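A.B. asks: Based on what follows, work out the 3D shape:
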Amino acid sequence: MDKRELQDLIDRFDEFAFTVARKIVAVTKEQIGGGLTSDQHLTMRYIKKYGPCTSSQLADVFYVNKSAITAIINRLSDKGYIERVPDTRDRRVIHLQLTDRGREVVTEGEERVRKIVGLYLSRLEENEIATFLRTFEKLANIVKHS
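C.D. replies: Predicted coordinates:
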């Protein structure tokens, strides 16, 4: 592939990624509820899916510095959506877990987001969705391991 072809692909990727990401973020932000930002919602979704974790783990997963995660965690804690639980073996380690209210809020937000994203995906053929997801997952793995 020559430089011009590569640049054309990059331009197409940038355009679609920007359009899709901006639209999905804007639409889902309205649906999240609970007074949450997108970052707070994603953090809660991660904790819901993978269970208690540390702020360092979250910083690694979301590719941000620890101070950014600390700000998110403090706001979620202030809202009563997460709690800090000291590790039983090492009191210096603090695990973050959802409260019952936090679980409710994130589950409600996920359902509303699922409906919106489902409306977009339902406009594609099943084979298009499968191909898109396989390709997107492959790209995610490339990015994750580079």
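
A.B. asks: Now the residue nearest the centre of the chain: closest residue in space that isn't a chain neighbour?
C.D. replies: The centroid of the chain falls nearest to Leu42 when counting by CA atoms, centre = their mean (3.9 Å). Spatial nearest neighbour of Leu42, chain neighbours left out: Phe62 (7.3 Å); criterion: CB to CB, 6 or more residues apart in numbering. Placement of C-beta: from N, CA and C, glycine included.

A.B. asks: so which helix or strand takes in the residue nearest to the centre of the chain?
C.D. replies: For Leu42, the host element (DSSP states H and E) is helix 38-50.

A.B. asks: other SSEs contacting that helix?
C.D. replies: Helix 38-50 sits against helix 3-32, helix 55-62, helix 66-78, strand 94-98, helix 100-121, with contacts defined as 3 or more CB pairs under 8 Å, 6 or more residues apart in numbering; DSSP states H and E.

A.B. asks: Show me the one of those that comes nearest Leu139.
C.D. replies: Nearest to Leu139 among those is helix 3-32 (9.3 Å), distances taken as CB to CB.

A.B. asks: thinking the residue nearest to Leu42 is in contact with Ile69, fair?
C.D. replies: Yes: at 7.1 Å, Phe62 and Ile69 qualify as touching, with contact defined as CB atoms under 8 Å.

A.B. asks: joint contacts of those two?
C.D. replies: Shared contacts of Phe62 and Ile69, defined by CB atoms under 8 Å, 6 or more residues apart in numbering, are found at Thr43.

A.B. asks: between the two, who's got more neighbours?
C.D. replies: Between Phe62 and Ile69, Ile69 has the larger neighbour count (other CB atoms under 10 Å), namely 22 against 15.

A.B. asks: which residues touch the more buried one?
C.D. replies: Listed by CB under 8 Å, 6+ apart, the contact set of Ile69 reads Thr43, Ser55, Leu58, Ala59, Phe62.

A.B. asks: Now list the buried members of the residues you listed.
C.D. replies: Thr43, Ser55, Leu58, Ala59 (16 or more other CB atoms under 10 Å).

A.B. asks: List just the nearest of those residues to Asn74.
C.D. replies: The closest of the buried ones among the contacts of Ile69 to Asn74 turns out to be Ser55 (CB to CB; 10.1 Å).
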